[in-house]
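J.: Take this sequence and fold it.
(one chain, ligands or ions: 1)
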Amino acid sequence: MGRFRAVGVGVASLSVAALSAACMSGGDKDAKVDAARAKASNMAAAASEKKAETQVAAKAKANELGQIPVIMYHRIIKNPPPGDDRTPEQFRAELERLAKEDYVPITAAEYVTGKIGIPAGKHPVVLTFDDSSPSQLTLDGMGNPMPDTAVGILMDVAKKHPGFRPVATFYVIRDLFGMAKPEEQTQVLAWLKDHGFDIGNHTHDHLNLLGKPEKEVEEQIASGQKMVTSLIKFSPVTLALPYGNQPHNKKWAMKGSAAGTSYDFRGVFLAGYTPAPSPYTKDFDPVGIPRIRSKEKVGDCVKFCSTAWLDWLNANATDRFTSDGNANTVAFPKFKAPFVAAPFAAQALPY
Ligand SMILES: [Zn+2]
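T.: The predicted model follows:
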């Protein structure tokens, strides 16, 4: 291989040099020839790097245009009532399954901005927690998460499965993990940020935004944003709509302002019912990103919740996002090329 490449470079340099020589003379000529040679050699190096990247992508069966499960959790409690809450055992079992099936958690902020830096052959999953309940995170007197909270369980599973990143996004409302004092609220939000977790906006009062006037929609979202920014130095990058309901004009949820606080999100999340498109495809619509409820196959969850969708993604590997391990490229089988979103075309690595 090495020898063929060397011959190729020589030919390219000579022909560029010949062209250059035809239209100039004197001392200039040597400098131009050197520059042309350097350029040809850089091009050859780039081509050879691209070839190596393509081989890695093909070997990993990378498909960075595939779908990503964004799983939605509420409370993690013993003896949950019928609905969306999960027991600590059910939550742990789902995380164990994700780890075993080569998923690696990324945050909602990483997902919407396309910063998916996971190893080759792995699949991203976004873990999201709504309503900031104490069952998701309660810290003990030394600032360590209680073991049966969502964060405690996630960190324990991550410890047992190296490479399974303990990250998630918490969509918070005014009940900030059951903390009443601003100092305690700051402690818990700061703990999340300091440990690599992501904080999202779920509005201030968790009202149904369906049918509400624009002013009230913007007030609810802006005051949720202000609640976080007044406690820690961080602005949420994404919003999850209460009950998954979009306002009359869905763009009101994406960008707006009220009482001197503005928001301009990179993504707004719904509450159902399918895996989410890759942020690198034309199918990605930041104004309404689907999520999946965490639940086994019962009732409408026979098809539309996490157990069913994880089964489906396993059975339909060509539809699932698989990383090539290179955060700078968007790798996929050539056949899928028409679906690449324009902003990522320059990073495309078809194979
Ligand atoms: Zn909620």
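
J.: hey, let's count contacts and neighbours off CA atoms from now on
T.: OK.

J.: what's near enough to touch the residue of the stretch 151-300 of the chain found nearest the ion?
T.: The nearest approach of the stretch 151-300 of the chain to the ion comes at P242, 4.7 Å away (Cα to the ion). Residues in contact with P242 (Cα atoms under 8 Å, 6 or more residues apart in numbering) are 202-203, 206-209.

J.: Adding distance to E94, write the residues you listed out as JSON lines.
T.: Shown next, in JSON lines, are the contacts of P242 (distance: Cα to Cα, whole Å):
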{"residue": "H202", "distance to E94": "24"}
{"residue": "T203", "distance to E94": "28"}
{"residue": "H206", "distance to E94": "27"}
{"residue": "L207", "distance to E94": "30"}
{"residue": "N208", "distance to E94": "29"}
{"residue": "L209", "distance to E94": "31"}
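
J.: As JSON lines, those with neighbour count and distance to E96 would be great.
T.: Converted to JSON lines, the contacts of P242 look like this (neighbours: other Cα atoms under 10 Å; distance: Cα to Cα, whole Å):
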{"residue": "H202", "neighbour count": "29", "distance to E96": "27"}
{"residue": "T203", "neighbour count": "30", "distance to E96": "31"}
{"residue": "H206", "neighbour count": "18", "distance to E96": "31"}
{"residue": "L207", "neighbour count": "16", "distance to E96": "34"}
{"residue": "N208", "neighbour count": "16", "distance to E96": "34"}
{"residue": "L209", "neighbour count": "24", "distance to E96": "35"}
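
J.: Go ahead and flag the most central residue of this protein.
T.: Centroid check for the chain by Cα atoms, centre = their mean gives Y111 as the closest residue, at 1.6 Å.

J.: tell me the helices in this structure, going along the chain?
T.: Along the chain, the stretches classed as helices by DSSP state H are 2-22, 28-59, 88-100, 108-112, 150-160, 182-194, 214-231, 301-304, 306-315.

J.: Tell me which residues of the longest one come out buried.
T.: For helix 28-59, a neighbour-count test (16 or more other Cα atoms under 10 Å) marks 29, 32-33, 36-37, 40-41, 44, 53-54, 56-58 as buried.

J.: So which of those is the closest to A276?
T.: Nearest to A276 among those: A57, at 21.8 Å, using Cα to Cα.

J.: Spatially nearest residue to that closest one, not counting backbone neighbours?
T.: D324 (4.8 Å; Cα to Cα, 6 or more residues apart in numbering).

J.: these two touch, right, the one you found and H123?
T.: No: assessed by Cα atoms under 8 Å, D324 is found out of contact with H123, at 9.8 Å.

J.: Look at these two and report which has more neighbours.
T.: D324 (31 against 28; other Cα atoms under 10 Å).

J.: tell me which parts of the chain are close to the ion?
T.: Counting by Cα under 5 Å from the ion, the positions of the chain adjacent to the ion are 130-131, 242.

J.: ok, so what distance separates L189 from G141?
T.: Remark: distance between L189 and G141 (Cα to Cα, to the nearest Å) = 15 Å.

J.: again with G325
T.: Taken as Cα to Cα, the span from G325 to G141 is 39 Å.

J.: that older thread, can you report phi and psi for the residue nearest to A57?
T.: Main-chain dihedrals, D324, degrees, to the nearest 10: phi -100, psi 0.

J.: Give me the residue ranges of this protein where confidence is low.
T.: 1-27 (pLDDT under 70).

J.: Try it again at 80.
T.: 1-30 (pLDDT under 80).

J.: Identify the single longest strand in it, thanks.
T.: strand 123-130 (DSSP state E).

J.: Report the strands that pair with it, each with its relative direction.
T.: strand 70-73 (parallel), strand 103-106 (parallel), strand 169-172 (parallel) (DSSP bridges).

J.: So which residues of the stretch 251-351 of the chain form strands?
T.: Using DSSP state E, counting those that start in this stretch, the strands of the stretch 251-351 of the chain run over 255-258, 261-264, 267-269, 292-293, 330-332, 348-350.

J.: returning to that earlier point: indicate which one of the helices of the chain is closest to R266.
T.: Nearest of the helices of the chain (Cα to Cα): helix 108-112, 6.1 Å.

J.: Grab the CA positions of that closest one and hand them over as CSV.
T.: Taking Å, rounded to 0.1, in the frame of the first residue of the first chain, the C-alpha atoms of helix 108-112 are listed here in CSV:
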residue,chain,number,x,y,z
ALA,A,108,-29.8,15.8,26.0
ALA,A,109,-27.5,18.8,25.5
GLU,A,110,-24.8,16.6,23.8
TYR,A,111,-27.5,15.0,21.6
VAL,A,112,-29.1,18.2,20.3
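
J.: and that helix, which residues are buried?
T.: 108-109, 111-112.

J.: still on that earlier bit, what about L189 and G141, which has more around it?
T.: L189 (23 against 7).

J.: now that one, nearest residue through space, not along the chain?
T.: I232 (7.0 Å).
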